[in-house]
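> only geometry, no sequence info:
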């Protein structure tokens with residue numbers, strides 16, 4: 001007897017194997033089970049944590065992810081002779097513990113969408129070590145850096161993709177029993193640039209798999225990433241970070257760094273690697289990086305919304321002068337003045353003065369009324385020529401005209417001898433009416449009814465017109481009010497559909513260069529939902545047709561023969577649940593075949 005079981009005590013293997021460098025735990029246990037005359041699933045039954053749970057082939061993928069969630073590790077140590085270090089470095093346990101601040105490692109999402117279901121391998125490596133490497137399971141690792149060749153993703157003999165859950169012998173195809181190490185190697189040598197990127201990626205993965213240092217919270221990792229995107233400068237610079245071309249959702253990363261997410265979530269490791277590779281850094285450098293406290297403080301400074309909420313109109317003649325929280329957003333979030341970047345543009349609903357925040361989050365005027373007010377309060381420009389007025393006020397002629405029209409209509413200065421036009425009530429009514437109909441100011445500016453530009457300006461800054469413009473800022477946009485944006489989102493969805501790329505809000509937003517919030521605010525979520533449902537239905541039809549074709553062909557090829565359901569499922573890469581879900585009509589056909597062929601098992 002090769003494994004002796006006495007009560008609850010399990011004796012060790014009589015034939016022991018050594019864990020190879022980079023080998024996965026599932027590969028080692030598969031080899032050990034074969035060497036001791038056991039099946040891998042039967043072996044796991046002997047060391048499982050939950051005695052009431054019946055393990056099956058689908059559980060094999062859990063071994064390499066976080067084995068402690070399904071196996072009694074102490075029993076495993078006793079039976080195999082492995083140490084805790086061995087088990088952790090042959091699974092993703094170390095990596096998960098490094099990036100997850102939760103006790104339940106199996107629920108970690110740090111590797112979500114990154115683990116393969118089918119085997120990718122290098123025949124030369126298998127021939128040398130007779131083992132399957134852990135990092136071959138990671139999507140994105142496509143090359144064997146040691147042999148400078150592409151990893152194979154199908155059996156070289158029967159050309160079938162090999163599911164990990166079907167593997168019972170490390171060096172054998174579970175479908176044709178061909179030796180994987182003896183595959184016909186038609187792989188081409190990889191170009192040097194791809195090898196460099198792949199070697200970097202594999203080296204970083206290996207480091208994390210072996211890592212046994214301290215754990216980091218998602219917020220700590222996000223802070224380090226933002227610091228790197230900030231060129232490791234001591235003061236948080238949002239413009240610099242925006243220019244970094246971060247591949248993920250920048251807003252999510254900042255919120256994660258600040259710890260302001262409603263639900264705790266980890267930064268996905270692909271986003272982490274993209275930041276490190278762009279900065280030419282190793283993950284070791286990230287984990288050892290000490291972020292200065294001054295940067296963390298600047299990162300946690302008040303958000304723009306909070307800053308704006310604490311600002312007030314700075315126009316001395318305004319009835320809301322000095323009253324905090326009175327400014328309203330115009331909907332313009334990026335602007336420039338004098339070559340300097342401005343953000344979060346606002347307007348005072350009382351006087352119409354426009355403001356924005358500079359790079360230091362200080363309130364600055366976008367219009368020129370306050371500056372002109374200070375000059376006109378101390379200087380009489382009535383008798384000055386236009387060149388002299390331009391020199392004194394430091395403004396161009398067009399801006400001085402706007403300033404004079406504004407102050408005349410608000411009766412702030414006596415400008416009758418400078419500014420001649422008067423208000424035309426009929427034109428004013430038409431002005432207000434057309435604005436309410438959505439006509440743009442640029443079109444109204446060139447009406448033939450205007451005597452001159454000054455007359456237009458006098459009406460432009462009339463309180464009734466200012467009020468209509470203010471209401472246009474705060475009025476919610478009706479659905480479909482931006483047909484161009486809707487058309488762009490629709491076209492983006494069509495492109496993603498044609499490319500067979502997953503369609504959802506974040507994917508569409510990233511592809512078009514906007515945000516998911518903007519898509520929602522512009523009432524375009526229905527477009528994304530429509531094409532997402534269409535894509536899912538198309539995929540469902542494709543899967544259904546593929547299953548139906550494989551199963552039907554298999555039954556036809558084995559008509560009248562002794563056929564096992566296990567073999568049918570293995571060859572067609574299906575199971576009862578999959579067939580019932582996608583092609584329930586085949587269930588009856590299979591049952592009928594079983595009744596016809598008496599020896600069907």
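All right, it came through fine. Model, not experiment: these values are computed from the prediction.

> which residues of the chain fall in strands?
5-6, 9-10, 143-144, 149-150, 328-329, 334-337, 340-347, 354-357, 363-365 (DSSP state E).

> buried ones in the longest one, by neighbour count?
Meaning strand 340-347. Using 16 or more other C-beta atoms under 10 Å as the test for burial, strand 340-347 gives 342-347. C-betas here are computed from N, CA, C, even on glycine.

> which neighbours does that strand have in its sheet, and in what orientation?
Next to strand 340-347 in the sheet, as set by DSSP bridges, lie strand 328-329 (antiparallel), strand 334-337 (antiparallel), strand 354-357 (antiparallel).

> and among those, the most buried is which?
Highest mean neighbour count among the strands paired with strand 340-347 (mean count of other C-beta atoms under 10 Å): strand 354-357, with a mean of 22.

> apart from its chain neighbours, what residue comes closest to residue 242?
Excluding the flanking residues, the one nearest residue 242 by C-beta to C-beta, 6 or more residues apart in numbering is residue 250, at 7.1 Å.

> count of residues packed around the one you found?
Residue 250: 17 surrounding residues under other C-beta atoms under 10 Å.

> same check on the one 4 residues further on?
The burial metric for residue 254, expressed as a neighbour count using other C-beta under 10 Å, is 21.

> doesn't residue 225 make contact with it?
No - Residue 254 sits out of contact with residue 225 when judged by C-beta atoms under 8 Å, with a separation of 10.0 Å.

> out of the strands paired with strand 340-347, which comes closest to residue 514?
Proximity to residue 514 (C-beta to C-beta) singles out strand 334-337 among the strands paired with strand 340-347, at 13.3 Å.

> pLDDT (mean, whole number) over that closest one?
The average pLDDT for strand 334-337 rounds to 72.

> residue 84 and residue 205, how far apart?
As defined by C-beta to C-beta, to the nearest Å, residue 84 lies at a distance of 21 Å from residue 205.

> and those two? which has more neighbours close in?
residue 205 (23 against 13).

> contacting residues for the more buried one?
The neighbourhood of residue 205, defined by C-beta atoms under 8 Å, 6 or more residues apart in numbering, consists of 135, 138, 141.

> got the end-to-end distance for stretch 61-76?
Criterion C-alpha to C-alpha, to the nearest Å; first-to-last residue distance in stretch 61-76 is 17 Å.

> again, but for stretch 322-330
End-to-end distance of stretch 322-330 (C-alpha to C-alpha): 20 Å.

> what do you get for stretch 31-46?
16 Å.

> list the buried residues for that stretch?
Buried residues in stretch 31-46, defined by neighbour count with 16+ other C-beta under 10 Å: 31-34, 36, 38, 40-41, 43-44, 46.

> now do stretch 123-138
123-126, 129, 131-138.

> just the mean pLDDT for that stretch, thanks.
Mean pLDDT, computed over stretch 123-138, is 92.

> quote the end-to-end distance of it.
17 Å.

> again, but for stretch 253-273
Stretch 253-273 has an end-to-end distance of 14 Å (criterion: C-alpha to C-alpha).

> name the residues of that stretch that are buried.
Using 16+ other C-beta under 10 Å as the test for burial, stretch 253-273 gives 253-258, 266-273.

> equivalent analysis for stretch 91-99, please.
Buried residues in stretch 91-99, counting neighbours by 16+ other C-beta under 10 Å, are found at 91-99.

> report how many residues lie close to residue 570.
Residues near residue 570, counting by other C-beta under 10 Å: 16.

> that one and residue 57, how far apart?
As defined by C-beta to C-beta, residue 570 lies at a distance of 10 Å from residue 57.

> and for the two, which residues touch both?
Among the neighbours of residue 570, those also in contact with residue 57 (C-beta under 8 Å, 6+ apart) are residue 166.

> now the strands paired with strand 340-347 as a markdown table including distance to residue 242?
Shown next, in a markdown table, are the strands paired with strand 340-347 (distance: least, C-beta to C-beta, whole Å):
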| stretch | distance to residue 242 |
| --- | --- |
| strand 328-329 | 19 |
| strand 334-337 | 10 |
| strand 354-357 | 15 |
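
> residue 531: which of the ones you listed is closest?
Using C-beta to C-beta as the measure, strand 334-337 is the one of these that comes nearest residue 531, at 29.2 Å.

> contacts for that closest one next, please.
Identification of contacts with strand 334-337 by C-beta under 8 Å, 6+ apart yields 341-343, 345, 356, 364, 366.

> quick one: which of the residues you listed is nearest to residue 312?
Distances from residue 312 to the contacts of strand 334-337, taken by C-beta to C-beta, are shortest for residue 364, at 13.5 Å.

> the strands of the chain into TSV, with extra columns for distance to residue 307?
As requested, the strands of the chain are arranged in TSV below (distance: least, C-beta to C-beta, whole Å):
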stretch	distance to residue 307
strand 5-6	69
strand 9-10	64
strand 143-144	49
strand 149-150	52
strand 328-329	12
strand 334-337	16
strand 340-347	8
strand 354-357	6
strand 363-365	8
